[in-house]
Every structure is written in C-alpha cells, then in structure tokens.
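K.L.:
Need a 3D model of the sequence below.
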Amino acid sequence: MYEICSYILFLIGGSMLLVFLVALTKRLFKESSIYLAVILITLLTAPIIGVLAALWFTGLDKFLELGALITLTYACLGGFLFIFVGMPNRSMTLRLLMELNEAEGNKLSMKELERIGGIDALLSARLSWLKESGFLDIDNYGKIRLLSKGLRLGSFVTRGRIFFNIGGYN
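P.N.:
Predicted structure coming up:
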C-alpha cells in the first residue's frame, strides 16, 4: 500500500511540475501555443519522471517495467492537461462563464456577450484558427475549402462519430 501511495504522490508532484512548466513557458513566450507547450513539455519531461520514479522506487530488476508505467501514466496526465487548457475556448458555456468572471462587476449586457462570444465571433475565431493551422483555405469570395490536413481530420472525426454513435453537434 505504501508503494502505491508513493507512486501516486510522485505522479502528483510530476503533474504539478508539468503545470508549472507550461505556465512558465506561456508567460515567457506569450505568442506561443499553449497546446504546443503542453505537448512538448509532456514529451520532454515524461521520460525524466519515469526514470526518476523507477530509480527511486525499484532496483534495476524492475526498472523498465515501472519506468514505462510511470512514463505512460504521466504522459496521460499531460493529455488531460491538454484537454483542460482548451476547454474555456472550445466550450461556449465555459467561455461565457469565464468572460463574465473577468468582466468588471462580473456582469455584461447581452450585446457585450454576443460581441465577445456570439456565433459570429465564435465562427470567425474557429475559421481563423483552422486556416492558420493549415486545415482549410478561404478564397477571396469567402468560399471555404478543406486542405489535405482538414480532409484527414474531418474523415477521422466523422468515422469516430459513427463508431461511437454520436449524433448532432453536442
């Protein structure tokens, strides 16, 4: 039991390090992508955390097994962080709550909310991101065309929705 609790505490400490490093990176490189920061820092620190945990808790006989387990678990925690940091921008409800929380007196008019998080602002922000990321192109007439990267992702998501029987846009 002591051993399992120690592993969990080690992972919690590693996760706190991950969050700290991502926050520090974002503060130092303001224009950098938070998503890229999470991915790179997770990939760079996961093996270190795995090796340290294996050296700390076992001898060389179980080094690879425990090291691999801790590394993969830590990388999964990085994946959860990746999802968590994107939630306020991807979820309309969380975005509205965040905007109201940051507004003076925690209140905004309906017009202000529409300007900040309305459908037009949301659609424009998503299309700009998709264009900058190479998923689509928008011609001079406003026609939107998927590029190869967008076709692959769209196909993958569509197959996933069919496989998991996810209907509608929830």
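K.L.:
any weak-confidence spans in this structure?
P.N.:
1-2, 59-61, 63, 84-94, 117-119, 164-170 (pLDDT under 70).
K.L.:
Strands along the chain, start to end?
P.N.:
136-138, 144-146 (DSSP state E).
K.L.:
can I get those strands in CSV with distance to Trp129 and mean neighbour count?
P.N.:
Backbone N, C-alpha and C define where each C-beta goes, glycine included. Shown next, in CSV, are the strands of the chain (distance: least, CB to CB, whole Å; neighbours: other CB atoms under 10 Å):
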stretch, distance to Trp129, mean neighbour count
strand 136-138, 10, 15
strand 144-146, 13, 12
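K.L.:
for those, which one sits closest to Ile12?
P.N.:
When the strands of the chain are compared by CB to CB, strand 136-138 sits nearest Ile12, at 40.0 Å.
K.L.:
Show me the contact partners of the closest one.
P.N.:
127, 130-131, 144-147, 150 (CB atoms under 8 Å, 6 or more residues apart in numbering).
K.L.:
got it, and stretch 31-50?
P.N.:
10-11, 14, 17-18, 21-22, 25-26, 29, 66-72, 74-75, 78-79, 81-82, 85-86.
K.L.:
For ChimeraX, write the selection for the buried entries among those residues.
P.N.:
Paste this into ChimeraX to select the buried members of the contacts of stretch 31-50, with burial taken from 16 or more other CB atoms under 10 Å:
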select :10,11,14,18,21,22,25,26,66,67,70,71,74,75,78,81,82,85
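K.L.:
Now, the contacts of stretch 31-50 that are in helices?
P.N.:
The helices, defined by DSSP state H, take in 10-11, 14, 17-18, 21-22, 25-26, 66-72, 74-75, 78-79, 81-82, 85-86 from the contacts of stretch 31-50.
K.L.:
Once you drop chain neighbours, what's closest to Val51?
P.N.:
Gly67 (5.7 Å; CB to CB, 6 or more residues apart in numbering).
K.L.:
one step back: and the two most separated of the contacts of strand 136-138?
P.N.:
Maximum distance among the contacts of strand 136-138 (CB to CB): 13.0 Å, for Leu127 and Leu147.
K.L.:
In CSV, list the strands of the chain along with distance to Ile162.
P.N.:
Below are the strands of the chain laid out as CSV (distance: least, CB to CB, whole Å):
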stretch, distance to Ile162
strand 136-138, 22
strand 144-146, 18
